[in-house]
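> after the sequence you'll find the predicted model.
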Amino acid sequence: MYSGAAAAAGPPRRDFISVTLGPEEAVGVGGYNNSKAWRRRSCWRKWKQLSRLQRTVILFLLAFLAVCGVISYSSVGEAWKSITNKSLDEQRTEQEIPGLKLANPAVLPAPQKADANHGDYPELSLQKPPKPLHVRRGPSNLQIKAPQRDMRLKTRHDTIRAVEQLVEAHKVEKTEKSIISWRGAVIEPDQSTEPPSSKIKEPEKPSSLEAEDQKEPVPINERQLAVIEAFRHAWKGYKDFAWGHDELKPLSKSYSEWFGLGLTLIDALDTMWILGLKEEFEEARKWVANDLVFDKNVDVNLFESTIRILGGLLSTYHLSGDSLFLEKAKDIGNRLMPAFKTPSKIPYSDVNIGRGTAHPPRWTSDSSVAEVTSIQLEFRELSRLTGDEKFQKAVDEVMKHVHTLSGKNDGLVPMFINTNSGQFTHLGVYTLGARADSYYEYLLKQWIQGGKKENELLEDYMRAIEGVKKHLLQRSEPKKLTFVGELAHGHFSAKMDHLVCFLPGTLALGAHNGLAADHMKLAEALIETCYQMYAQVETGLSPEIVHFNLHAQKGHKDVEIKPADRHNLLRPETVESLFYMYRFTGDKKYQDWGWEILQNFNRYTRVPTGGYTSINNVQNPSNPEPRDKMESFFLGETLKYMFLLFSDDIDLINLDKYVFNTEAHPLPIWVPA
Ligand code: DMJ
């Protein structure tokens, strides 16, 4: 169609369609008529010309189209409204953490801010933390109960942890990727540490722990409070002058490094948990989460890092239920595995945890027997938790091998073993002290850990105790103290290391687990001796080594101390045994002896500005000659055993459910009594 004016103005345009409806309406003789009246009349005429049926069908179609139009209009409107109303916040969260929907987006703080909130607990009016993220497994009495305030703190801690774990989960994903590529670039493939196993099981938890959660906690007493105070004092020094380093040097207000892995902090984690020092624990946890890195070019001692670091992380995982510690345990466990790549499968003493290489000490290819046979509790537990049997296989092989070796003397083992030949070396010297001590301890404890089924372990333990009785036991003069000496090529020496004082506790633990009753008698005699190693000394603190008098001499005590041996390193063994003895006998004298020892530590080793120090001379109360070093085991073991010794709550680390590693880190018994 085109307008008349346009037609007059020029040639007709071709961009239109012409519809011819009928002869009357055709543009024809009369010319073009476009009036409204003409069009209305024409339509009406057309309508009239249709049959009734045609008209009905057309009306019906029109009505149907009208109804469809109304319906589709209203649903498109709703959809539009919901798109435009979606909050910007929600949209942002989905973009930043794909696949993650926060349970309560309006209440939980944004994940990125969790770290900043951690220290001072801002007003977190939080709802239930997302459950699967943080499952507490420890007995209730290990979880700081009582006052209302603590409960509120607990909620805060749980929630903060939950939020941190969300963030962690994302960090782990990211760093895993970057570590793999970094390693590939720097470390030769055959030297690299194996990546963590993909077969990861959920940790198995002793069934008894659930029930314990319901029990009322036993209130802590004055002596326990004194231990808490001592711990806080030690921690203050560490925090102020050595934070994140291996050991505090409390006098010079500095630190020393051994492995550069925050040894004291890791060793102390489960002690803080047990003592109920939650704020300190949270602070330390944060360091583990953010600063503990094992991917370092550093040589570590296999035994020491296993008992202190791997053991500490595993026990803290069990007590807190916090998967961070299990992840770290897996990491260090994998990095220690190259130590077992030796011709004999007897591990080397040292491992470079960054390079994945291992070697013996520079001057020998021997390892010490205690070191290679006292890493089993930890690696076996790591296998159980990860479902990866390589850890357990490696350490079980060592035990099986040592079981069959010749060179023992009625179950007593020499102090060294060669990593090439797999044979004992330096034959003929037998001690329950340094380099052999925890071999005996771990025979019994592995047997207990595994549910008392591994008979070879029990056999070796029982035979060894018979060997001790036959070759190493003597009585001193004048007090007739029973002590454990040493045998060197057939000659008895009345020398006893303080380290041997683990033995009464181990004997008592064996007797508690059904072994010979005379083991308990021997334990009672030996713990008396260990106590006398403190009581007969001027400061009331034991030296590192004593020599017992075998013959009565006027004016002489039972205990003699050589100048080279009169230092005290804040060691735990006597307090450890006192704890077992009190647990199993209930005799309060053991608590009183422990109390005396704690007071003497406070008197002679406490540094006013924070921390405790080893001393050089236990015989000089006016100048014990501080050494300026606080060993990590003072927090990991000595103070922990003190606290447990003063407790009357047998469920505070129940000895039918947990077995302590040689660094006082409790690990679950697989088949609890
Ligand atoms: C700790 O590292 C362990 O107890 C180990 O078994 C022996 N030495 C120290 C404590 O004395």
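Nice, I can see it.
> where are the low-confidence patches of the stretch 551-673 of the chain?
In the predicted model of the stretch 551-673 of the chain, no residue satisfies pLDDT under 70.
> flag every residue of it that's near the ligand.
Residues of the stretch 551-673 of the chain lying close to the ligand (CB under 6 Å from any ligand atom) are Arg571, Pro572, Phe633, Glu637, Thr662, Glu663. The way it works is simple: take the backbone N, C-alpha and C, and place the C-beta from them, glycine included.
> can I get the buried part of the residues you listed as one ChimeraX selection?
To isolate the buried members of these in ChimeraX, using 16 or more other CB atoms under 10 Å:
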select :571,572,633,637,662,663
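> so which of the residues of the stretch 551-673 of the chain next to the ligand are in strands?
Among these, the subset assigned to strands under DSSP state E is empty.
> which of the residues of the stretch 551-673 of the chain next to the ligand sits closest to Glu389?
Thr662 (23.0 Å; CB to CB).
> what's in contact with stretch 608-623?
230, 233-234, 236-241, 248, 250-251, 253, 537-539, 541-543, 561, 566-570, 601, 604-607, 624-631, 634 (CB atoms under 8 Å, 6 or more residues apart in numbering).
> now do 7 Å
By CB atoms under 7 Å, 6 or more residues apart in numbering, the surrounding residues in contact with stretch 608-623 are 233-234, 236-238, 240, 248, 250-251, 253, 537-539, 541-543, 561, 566-570, 601, 604-607, 624-631, 634.
> and that stretch, end to end?
15 Å (CA to CA, to the nearest Å).
> returning to what we had before: helices - which of the contacts of stretch 608-623 land there?
Among those, the members falling in helices (DSSP state H) are His233, Ala234, Lys236, Gly237, Tyr238, Asp240, Phe601, Tyr604.
> residue in the stretch 101-250 of the chain nearest to the ligand?
As assessed by CB to the nearest ligand atom, the ligand sits closest to Glu247 within the stretch 101-250 of the chain, at 12.2 Å.
> quickly list what that residue is bridged to.
Ser256 (DSSP bridges).
> hmm, it is touching Asp628, no?
No: Glu247 is beyond contact range of Asp628, at 10.0 Å (criterion: CB atoms under 7 Å).
> which one's more surrounded, those two?
Glu247 (22 against 18; other CB atoms under 10 Å).
> how far away is that one from Ala552?
Using CB to CB, to the nearest Å, Glu247 is found at 42 Å from Ala552.
> if we can go back for a sec, buried among the ones in helices among the contacts of stretch 608-623? Make that a PyMOL selection.
In PyMOL, this line selects whichever of those come out buried by 16+ other CB under 10 Å:
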select buried, resi 233+234+236+237+238+601+604
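> now, the most widely separated pair of the ones in helices among the contacts of stretch 608-623?
Among the ones in helices among the contacts of stretch 608-623, Asp240 and Tyr604 lie farthest apart (CB to CB), at 21.6 Å.
> my guess is Val218 contacts Asp648. True?
Yes: with contacts counted by CB under 7 Å, Val218 reaches Asp648, the gap being 6.3 Å.
> quick one on the thing from earlier: of the contacts of stretch 608-623, keep whichever come out buried.
233-234, 236-238, 248, 250-251, 253, 537, 539, 541-543, 561, 566-570, 601, 604-607, 624, 626-631, 634.
> quick one: average pLDDT of whichever strand or helix holds Val288?
Per DSSP states H and E: Val288 is located in helix 278-291. For helix 278-291, mean pLDDT is 98.
> helices and strands around it, which ones?
helix 148-186, helix 263-275, helix 323-336 (3 or more CB pairs under 7 Å, 6 or more residues apart in numbering; DSSP states H and E).
> which residues touch whichever residue of the stretch 301-450 of the chain sits closest to the ligand?
Distances between the stretch 301-450 of the chain and the ligand by CB to the nearest ligand atom are smallest at Ser438, namely 4.7 Å. Ser438 is in contact with Ala370, Ser374, Thr662, counting by CB under 7 Å, 6+ apart.
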